[in-house]
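> below are the sequence and a predicted model; questions follow.
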Amino acid sequence: MKLTGAYEDFPFDEETLVFKVGGKIFCITDFNQPERLTLKTTPAKSLELRAEYEEIVPGYHMNKKHWITVDTESDRLNGKFVKALIKESYELVVNGLTAAQKKLLDYSSPK
């Protein structure tokens, strides 16, 4: 899955891997629990997903209204579904960027 301008960072510690676009976080995972992803979502979608899937809970250490944590090892959540959640998280963050930030996406990610 290609996410233009996305890059990895370790802003908190050496074990917490963060994925950013335009300097903003859209996905968080931890080397100790790589099967758990914390992703941005809309408040309505967060409530919907948490009601439907026990594997999706409020975002760990994040604003519970806008973030979810997903257990990707669950048999109920296939790879296609998880990839769609990641892409939605990315797109939410990109949509919140300024026009100037969006224009720089191809050039701003660390190489």
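Thanks, I have the structure now.
> for the longest helix seen in the chain, packing partners?
Within the chain, and with DSSP state H defining each element, the longest helix by residue count is helix 79-95. The helices and strands touching helix 79-95, judged by 3 or more CB pairs under 8 Å, 6 or more residues apart in numbering; DSSP states H and E, are strand 16-21, strand 24-30, strand 33-40, strand 67-71. Heads up, the C-betas are built off the backbone N, CA and C, glycines and all.
> got those as a markdown table, with distance to Glu48 columns?
As requested, the helices and strands packed on helix 79-95 are arranged in a markdown table below (distance: least, CB to CB, whole Å):
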| stretch | distance to Glu48 |
| --- | --- |
| strand 16-21 | 23 |
| strand 24-30 | 19 |
| strand 33-40 | 14 |
| strand 67-71 | 10 |
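> can I get these in a markdown table with mean neighbour count, distance to Gly59 and mean pLDDT?
What follows is those, written out as a markdown table (neighbours: other CB atoms under 10 Å; distance: least, CB to CB, whole Å; pLDDT from 0 to 100):
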| stretch | mean neighbour count | distance to Gly59 | mean pLDDT |
| --- | --- | --- | --- |
| strand 16-21 | 19 | 13 | 96 |
| strand 24-30 | 20 | 8 | 96 |
| strand 33-40 | 19 | 5 | 94 |
| strand 67-71 | 21 | 3 | 96 |
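> Asp9 is nearest to which of these?
Ranking the helices and strands packed on helix 79-95 by their distance to Asp9 (criterion: CB to CB) puts strand 16-21 first, at 4.8 Å.
> who's in contact with the closest one?
Contacts to strand 16-21, defined as CB atoms under 8 Å, 6 or more residues apart in numbering, come from residues 3-12, 25-31, 90, 93-94, 97, 105, 109.
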